[in-house]
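A.B. asks: I need the structure of the sequence given here:
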Amino acid sequence: MSQDDYEFPFDYWATLAADDPVSFEEARRLMVESLIESAPPQVQPRLRGLQWQVDQVRSLTPSPMGACVKISNMMWQKVLGPDGLVEHLEHLGNGESTPREAPRSATILPLQRPD
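C.D. replies: Numbering: from 1, shown residues only. Have a look, this model is predicted:
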């Protein structure tokens, strides 16, 4: 089945959320985990990190609508913000074959084993 053939069962999920929020959250968590597991292994840590950020916004925001707005803003920042999708597409459109690496700097601290 192609993604074009798939229709999201909105009524099922809406009814489950209204009638049994605990079961809805568990089913949602399992669905997200299944989606992450279906991604290539090298992408999964990044997806888990993004899902963790989304979960933190949801848990720290008092209302579902407020969480939705914050998560939407996070998405738009990744699309339009610095080093976002639009910037990468512009670089590719200018003939650059690889996206720019964000400049990184860090102080490396030597670690010593406790004896």
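A.B. asks: At the geometric centre of the protein, which residue do we find?
C.D. replies: With distances taken as CA atoms, centre = their mean, the chain has residue 50 as the residue nearest its mean C-alpha position (3.4 Å).
A.B. asks: For this protein, give me the ranges with low pLDDT.
C.D. replies: In the predicted model, the chain carries pLDDT under 70 at residues 1-5, 97-103.
A.B. asks: show me where it has helices.
C.D. replies: Taking DSSP state H as the criterion, the chain carries its helices at 10-19, 21-38, 44-60, 64-80, 85-93.
A.B. asks: Looking at the ones you listed, which is nearest to residue 109?
C.D. replies: Ranking these by their distance to residue 109 (criterion: CB to CB) puts helix 44-60 first, at 23.5 Å. Backbone N, C-alpha and C define where each C-beta goes, glycine included.
A.B. asks: and that closest one, what does it pack onto?
C.D. replies: Counting by 3 or more CB pairs under 8 Å, 6 or more residues apart in numbering; DSSP states H and E, the packing neighbours recorded for helix 44-60 are helix 21-38, helix 64-80.
A.B. asks: Could you report the separation of residue 63 from residue 112?
C.D. replies: With distances defined as CB to CB, to the nearest Å, the gap from residue 63 to residue 112 amounts to 48 Å.
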